[in-house]
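Enquirer: need the 3D shape of this:
(chains A and B)
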Amino acid sequence: MEPLQSLRGMVDLLPERLGLWQRVEATAREHFRRAAIAEIRTPLLEATELFARGIGEGTDVVGKEMYTFFDRGERSCTLRPEGTASVVRAAIQQRLLAQGPQRLWYGGPMFRYERPQAGRQRQFHQIGVELLGAADPLSDGEAIAIAWDLLADLGVAGLELELNSLGTLDDRVRYRAELVAWLEAHRQQLDPDSQQRITSNPLRVLDSKHPDTQALLAGAPDLQDALCPESHERFRLVRRALEDLGIPFRLNPRLVRGLDYYGHTAFEISSSQLGAQATVCGGGRYDGLVEQLGGPATPAVGWALGMERLVLLLSEAGGDPAAVVPDLYVISRGEAAERQALTLARRVRRAGLIAERDGSGAAFGKQFKRADRSGARWAAVIGESEAAEGVAVLKDLRGEASDDGRRLPFEGLLAVLAQG
RNA sequence: GCGGGCGUAGCCAAGCGGUUAAGGCAGCGGCUUGUGGCGCCGCCACUCGGGGGUUCGAAUCCCCUCGCUCGCCCCA
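Expert: Okay, here's the model as predicted:
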């Protein structure tokens, strides 16, 4: 019988790895609590149209990376490729915005049909923040600061924050026309991918990784020059906020996010230690999205961070937190003894301590070996005679091989454990 | 979707056309029927991701396929 395998790009998270995940999640929760950001959970599956309308038909994510299928009712459904569209849809549908601005965070799996590589999977996990109704430029700084402080608190070193302003929709329309004209004029000198993007998504040509294209782009029209005075002023205030907060950043006029809903502030936090998929956290302002999805005009800013990439950085930096070590390892053999062992384990647990019971039925020697491996300080042994007397032999596993076993009733044993 | 590299036991691996496919860790059994950590002894791949081919002979060469991996692309 051939064993079944997980689908390509779908990864199992094993206990040894999850210690680190849980640390990240707990830290994130705490940071969000302090920032008065509430959790929201939305379905993994949404109507395809939500993402098509929200993220943009012309984007790669929508164009070729979605897990889309028809359900039994012939509705087109899509496994969410990102979190923002769903959160905005929920806020609109549940009338949350009628109660005022919403500060929300979410976490969980996202799905994109891509070729897996380091830091990129088909099912991956994000934690994200959405500040709906956050109008002022300082909110951009606040959102970034929340991400920055979380990463710093987790102990991630060597991160770089890159910042850009995409201006208003009008700015971009104007700039796009300028850029397309320029690109057309230099079409012959562009790499094939970039040539294709002149029509599909011209702004994305800007952050092409092709060296020749990059060199050529030095002479291209600059998005910053196309920004209206209000956009400039807005961007100035965002930069000022970051300066006030002491968060270092680098301006990157080529930074263009791949999702259509971004405008004004766009940012990425990346690490040079991650290889090709270097972005740990990305986000920006999306003032038009709520309205575009049928809600009240609502300015908003947010970001998402990639759990796998973050965990990758943390495990390279330090390693996982230790596995759970039981306080007591309970060894038993024989039916009466096993029943007593279960009773004892439960009593220890109800007292707030960690008890692991060996249910293997193996020889005592074998069970002792496992008791040692578990790292437990104490082992309790229950055999036929102990079971008959209602006692257990308590052994200090850190002691020498001498016979230090004490026969104790369960209450006495608990008392010893309680003392450490 | 396009390129490069790699698949030998649960894990780490040696072998790179010719006898029984090294070794280590883990596991199992024993020395030591109910007492661990150390040590010693023994066992643990009819078979080298799968399929086909070349050859007297294939883990070793070729083709296909699946998977992993690193890039491109894209993004978290």
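Enquirer: local confidence estimate at the nearest residue to residue A:56 once chain neighbours are set aside?
Expert: In space, not counting the residues next to it along the chain, residue A:56 is nearest to residue A:260; the distance is 2.8 Å by C-beta to C-beta, 6 or more residues apart in numbering. Using the backbone N, CA and C atoms, a C-beta is placed for each residue, glycine as well. We have a pLDDT of 84 for residue A:260.
Enquirer: likewise the one 10 residues further on?
Expert: What the model reports for residue A:270 is a pLDDT of 93.
Enquirer: now do residue A:420
Expert: We have a pLDDT of 68 for residue A:420.
Enquirer: count of neighbours near the residue nearest to residue A:56?
Expert: For residue A:260, the count of nearby residues is 22 (other C-beta atoms under 10 Å).
Enquirer: pretty sure it contacts residue A:59?
Expert: Yes - using C-beta atoms under 8 Å, residue A:260 is in contact with residue A:59, at 5.9 Å.
Enquirer: returning to that earlier point: please identify the helix or strand for the residue nearest to residue A:56.
Expert: Per DSSP states H and E: residue A:260 is located in neither a helix nor a strand.
Enquirer: list the contacts for it?
Expert: Taking C-beta atoms under 8 Å, 6 or more residues apart in numbering as the criterion, residue A:260 is in contact with A:55-56, A:58-59.
Enquirer: which one of these has the most neighbours?
Expert: Using other C-beta under 10 Å as the neighbour test, the contacts of residue A:260 are led by residue A:55, with 23 neighbours.
Enquirer: for that residue, grab phi and psi.
Expert: Note on residue A:55: its backbone torsions stand at phi -80, psi -30 [degrees, to the nearest 10].
Enquirer: touching, it and residue A:82? I think so.
Expert: Yes - contact status for residue A:55 versus residue A:82: in contact at 6.9 Å, counting by C-beta under 8 Å.
Enquirer: and the one residue in chain A that gets nearest to RNA strand B, how far from residue A:406?
Expert: As assessed by C-beta to the nearest atom of the strand, RNA strand B sits closest to residue A:258 within chain A, at 1.1 Å. Note on residue A:258: its distance to residue A:406, by C-beta to C-beta, to the nearest Å, is 66 Å.
Enquirer: related to what we said a few turns ago, list residues touching both of residue A:55 and residue A:82?
Expert: With C-beta under 8 Å, 6+ apart as the test, residue A:55 and residue A:82 both reach A:61, A:259.
Enquirer: tell me which helix or strand the closest residue to residue A:220 other than its chain neighbours sits in.
Expert: The shortest distance from residue A:220 to any residue that is not its chain neighbour, by C-beta to C-beta, 6+ apart, is 5.5 Å, and that residue is residue A:182. Element membership for residue A:182 (DSSP H and E) is helix A:169-185.
Enquirer: neighbouring contacts of that helix?
Expert: For helix A:169-185, using C-beta under 8 Å, 6+ apart, the contacting residues are A:166-167, A:190, A:194, A:198, A:202-203, A:205-206, A:220-221, A:223, A:226-228, A:231, A:263, A:288.
Enquirer: and with 7 Å instead?
Expert: For helix A:169-185, the surrounding residues in contact (C-beta atoms under 7 Å, 6 or more residues apart in numbering) are A:166, A:190, A:198, A:202-203, A:205, A:220-221, A:223, A:226-228, A:231, A:263, A:288.
Enquirer: immediately after it, which helix or strand?
Expert: Toward the C-terminus, helix A:169-185 is succeeded by helix A:192-200 as the next helix or strand (DSSP H and E).
Enquirer: how about that following helix against RNA strand B, any contact?
Expert: Yes - counting by C-beta under 7 Å from any atom of the strand, RNA strand B has neighbours in helix A:192-200: A:193, A:197.
Enquirer: run through who's touching that helix.
Expert: A:58, A:180, A:183-184, A:187, A:204-205, A:208, A:210, A:213.
Enquirer: would you mark the buried spots in that helix?
Expert: By neighbour count, and taking 16 or more other C-beta atoms under 10 Å as the criterion, the buried residues in helix A:192-200 are A:194-195, A:197-198.
Enquirer: residues in contact with residue A:31?
Expert: When contacts are counted by C-beta under 7 Å, 6+ apart, residue A:31 is found next to A:146, A:149-150, A:153.
Enquirer: quick one: buried ones out of those residues?
Expert: By neighbour count, with 16+ other C-beta under 10 Å, the contacts of residue A:31 hold A:146, A:150 as buried.
Enquirer: using TSV, please lay out the contacts of residue A:31 together with distance to RNA strand B, secondary structure and pLDDT.
Expert: Formatted as TSV, those follow (distance: C-beta to the nearest atom of the strand, whole Å; DSSP: H, G, I helix; E, B strand; the rest coil; pLDDT from 0 to 100):
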residue	distance to RNA strand B	secondary structure	pLDDT
A:146	15	helix	98
A:149	17	helix	97
A:150	13	helix	97
A:153	17	helix	95
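Enquirer: tell me which stretches of the stretch 301-420 of chain A form strands.
Expert: For the stretch 301-420 of chain A, strands defined by DSSP state E, counting those that start in this stretch occupy the ranges A:328-332, A:355-357, A:378-382, A:391-396, A:406-409.
Enquirer: list of residues touching the last one?
Expert: Just to be clear, that refers to strand A:406-409. With C-beta under 7 Å, 6+ apart, strand A:406-409 has contacts from A:390-394, A:416.
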